[in-house]
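Chemist: starting from these lines, generate the structure:
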Amino acid sequence: SPFFTIYGRNPSFDSIHISQDKPSGKLSTKLHSVQQVVKEELESAIKCFKKYADGNRAIPPDFQPGDTVWLASKNIKTTRPTKKLSERWLGPFEVLKKIGSLAYHLKLPQKWKSVHPVFHVSLSEPVKKSTIPKQHQLPPPPVIVEEQE
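Modeler: Numbering: from 1, shown residues only. The predicted model follows:
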């Protein structure tokens with residue numbers, strides 16, 4: 001803060017003790033009590049907001065190195081003519097390592113060398129393994145139009 005930059009310490013918000021005989025002392029006491037009430041109300045409001053925010057928050061999946069995930073195509077430009085015709089999920093890609101608590105380093109194909117390989121967990125979905133044995137469906141081959149994919 002600017003105060004810390006100038007004085008080398010944070011400002012003190014403790015009330016100043018002034019004798020109660022003077023009118024300024026009464027004002028100081030009144031301001032101190034109002035300050036306490038406002039502080040309690042703010043703490044109560046913060047608890048209430050936190051309760052509702054945490055209630056609607058989903059627990060992010062925890063991927064480990066070696067897991068495979070689908071990657072959302074939201075921010076990735078594909079060769080499809082329109083975004084509407086493009087796949088919503090790309091991959092699957094292997095998780096190489098966990099970076100922080102909400103980011104993952106993915107193993108991307110060589111043709112995507114211009115794309116940064118670290119993604120937020122909200123942009124990925126775990127690959128669900130098939131419940132039917134020996135059934136694995138490969139993605140369709142790319143559509144070639146006018147000698148381009």
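
Chemist: please tell me how far Glu43 sits from Gly55.
Modeler: 19 Å (C-beta to C-beta, to the nearest Å). For every residue, glycine as well, the C-beta is placed using N, CA and C.

Chemist: could you chop this protein up by domain?
Modeler: According to automatic domain parsing, the chain comprises the domains 2-56, 68-126.

Chemist: ok so, going back, which one of Glu43 and Gly55 is surrounded by more residues?
Modeler: When neighbours are counted by other C-beta atoms under 10 Å, Glu43 and Gly55 differ, and Glu43 comes out ahead with 10 against 7.

Chemist: how far out from the middle of the chain is the helix ranked longest in the chain?
Modeler: As assigned by DSSP state H, the longest helix anywhere in the chain is helix 23-56. Chain-centre distance of helix 23-56: 29 Å, with C-alpha atoms, centre = their mean, to the nearest Å.

Chemist: which parts of it are buried?
Modeler: Taking 16 or more other C-beta atoms under 10 Å as the neighbour-count basis, helix 23-56 is seen to contain the buried residues Ser28.

Chemist: ditto for stretch 103-121
Modeler: Along stretch 103-121, the positions that meet the burial threshold by neighbour count (16+ other C-beta under 10 Å) are Tyr104, His105, Leu106, Leu108, Phe119, Val121.

Chemist: check the residues you listed and tell me the two furthest apart.
Modeler: The largest distance within the buried residues of stretch 103-121, taken as C-beta to C-beta, falls between Leu108 and Val121 and amounts to 16.4 Å.

Chemist: now do stretch 98-106, average pLDDT.
Modeler: Within the predicted structure, the mean pLDDT of stretch 98-106 is 93.
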